[in-house]
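> structure for this input, please:
(one chain, ligands or ions: 2)
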Amino acid sequence: MSVEFHELEVSAVIVETPECSSFELRVPPHLAQAYRYRAGQHLTFKLPWDDFEITRCYSLASCPETGETMKIGVKRVDGGRVSNWLNDNVKVGDFLLTSVPEGRFVLDPETRTSTPLCLFAGGSGITPIMSLLKSALVTTRRFVTLLYANQARESVIYGDELERLAQRHPDRFELHHHVDADGGYLTAHDIVALLPRTDIAEYYICGPEPFMELVERTLGDAGVHEELIYIERFVSPADPDRAAPTVVDLESLDAPETFSLWLGGRSRTVPYVEGKTLLECAQAAGLNPAHSCESGFCGSCMSAVKTGKVHMRAHEALSERDVERGVALLCQSVPASADPLELDADSTSFRAASAVKSSYSKAWSRLAAATVFAFMVAGTLVLRLVQ
Ligand SMILES: Cc1cc2nc3c(=O)[nH]c(=O)nc-3n(C[C@H](O)[C@H](O)[C@H](O)COP(=O)(O)OP(=O)(O)OC[C@H]3O[C@@H](n4cnc5c(N)ncnc54)[C@H](O)[C@@H]3O)c2cc1C
Ligand code: FES
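Ligands and ions are numbered 1, 2, ... in the order given. All right, here's what the predicted structure looks like:
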């Protein structure tokens, strides 16, 4: 099942900064269900370009729970084709070929508790972070800290909206801007100063690569478990005009006859069809794991390799660390050995939740054990008194 695309009308263009515009998209009533989304998800756009079609993802900066019109924010990239074309050409009334929303950079509904949320945004990385922030403030009682880093004050996107949110929620939203032009580059020290004093918090990061690397490394050094860290990478796919696809000699790769895929809480056995990706095999078997770009750059199809080995044709959406710890993109993976292969398409979507839940369950079991012990002591005392 490939991803659904529809022509959506641009209903507003808002110039946010000299480098960035927001585009609101009108969803006709008959597509309302298809375009239901979760805060933090993105849309994929297809545009005709020279002799080929160009594909780009843009995160939703709007929030599904506030009744806002669906909105993306696009920041110009130096020499970038689509980002500049959208900013220079798109006007109200134009139509854009737009996918239904996808992506796993979302809040886990099961973590709607008092778990603090730490958001880190750099430059245009504010778009999905903005959506997550609004959703957390509207639908939870969570304490939210946002560090938003920019090179200059003029580059701050959604600055007024952020100020309004900070004023509306002074008791549980802390907003910190970092502007390189004022105080130099962000440092690990600046990040550590903002971390909540608790073991159980969730961290979402989106921005330029060096920014994300600094935040991720600092969190790791501070002892934050990697399962509590969510990252969204803004990358462009290699277009046909500059693609140098990794050539995989499929003949030389051994493969098992079937592989196991955890999906929707159940393990399914999927026949492996030679030359097909694991996503294509799963789809041929009637399954529909999350996916969007099918080109290795959006991260929607991330899965954990539990046993066996895979080869990925491309993996722009993943860091080297992701690859080292066994995260694979189903749309780019083929088996790399005949050993039994098991993947979990559920696990990476709610990494944070599982870690939080296990911390909670440990805390609850300790509390339960203490309660039982207290009852036993009290019971013994009562018995002694009675005797
Ligand atoms: C899940 C996801 C969500 C995203 N959300 C957002 C968002 O909310 N907002 C946002 O602004 N961006 C977002 N992005 C990034 C966005 O998709 C694009 O990658 C970005 O806009 C740049 O695209 P472009 O076509 O303008 O640049 P490209 O044309 O892809 O250019 C990128 C770089 O490559 C260079 N280049 C261009 N053509 C060539 C060539 N022929 N040979 C060599 N080098 C070349 C350019 O000079 C430039 O430096 C997101 C990406 C992903 C994957
Ligand atoms: S579907 Fe986008 S990375 Fe696989």
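
> residues from the chain in reach of ligand 2?
Residues of the chain lying near ligand 2 by Cβ under 6 Å from any ligand atom: 291-294, 296-301, 317, 329, 331. C-beta here means a position set from N, CA and C on the backbone, and glycine is covered the same way.

> all helices of the stretch 251-387 of the chain, in order?
278-284, 320-324, 351-386 (DSSP state H, counting those that start in this stretch).

> rank those by mean pLDDT and give me the bottom one.
Set side by side, those show their lowest mean pLDDT on helix 351-386, which sits at a mean of 43.

> related to what we said a few turns ago, I'd like the residues of the chain next to ligand 2 laid out as TSV, including distance to ligand 1.
Supplementary listing: the residues of the chain next to ligand 2 in TSV, determined by distance: Cβ to the nearest ligand atom, whole Å:
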residue	distance to ligand 1
291	12
292	8
293	7
294	13
296	10
297	5
298	5
299	6
300	8
301	12
317	7
329	12
331	13
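
> tell me the one of those residues nearest residue 344?
Relative to residue 344, the closest of the residues of the chain next to ligand 2 is residue 301; by Cβ to Cβ it sits at 12.3 Å.

> what's the neighbour count on that closest one?
The burial metric for residue 301, expressed as a neighbour count using other Cβ atoms under 10 Å, is 27.

> any chance of the backbone angles for the residue in the stretch 1-150 of the chain that ligand 2 sits nearest to?
Sorted by distance to ligand 2 under Cβ to the nearest ligand atom, the residues of the stretch 1-150 of the chain start with residue 102, at 7.7 Å. With angles defined as degrees, to the nearest 10, residue 102 shows backbone torsions of phi -140, psi 170.

> give me the nearest residue to it, chain neighbours excluded.
residue 292 (3.7 Å; Cβ to Cβ, 6 or more residues apart in numbering).

> mind listing what the one you found touches?
Counting by Cβ atoms under 8 Å, 6 or more residues apart in numbering, residue 292 touches 3, 42, 44, 57, 99, 102, 103, 298, 300, 301.

> and for residue 289?
Taking Cβ under 8 Å, 6+ apart as the definition of contact, the neighbours of residue 289 are 261, 263, 279, 282, 301, 303, 330, 345.

> out of these, which is nearest to ligand 1?
Within those, proximity to ligand 1 (Cβ to the nearest ligand atom) peaks at residue 301, which comes in at 12.0 Å.

> what's the burial count for residue 108?
If you count neighbours by other Cβ under 10 Å, residue 108 ends up with 18.

> tell me the contacts of residue 37?
Under the criterion of Cβ under 8 Å, 6+ apart, the neighbours of residue 37 are 60, 64, 70, 101.
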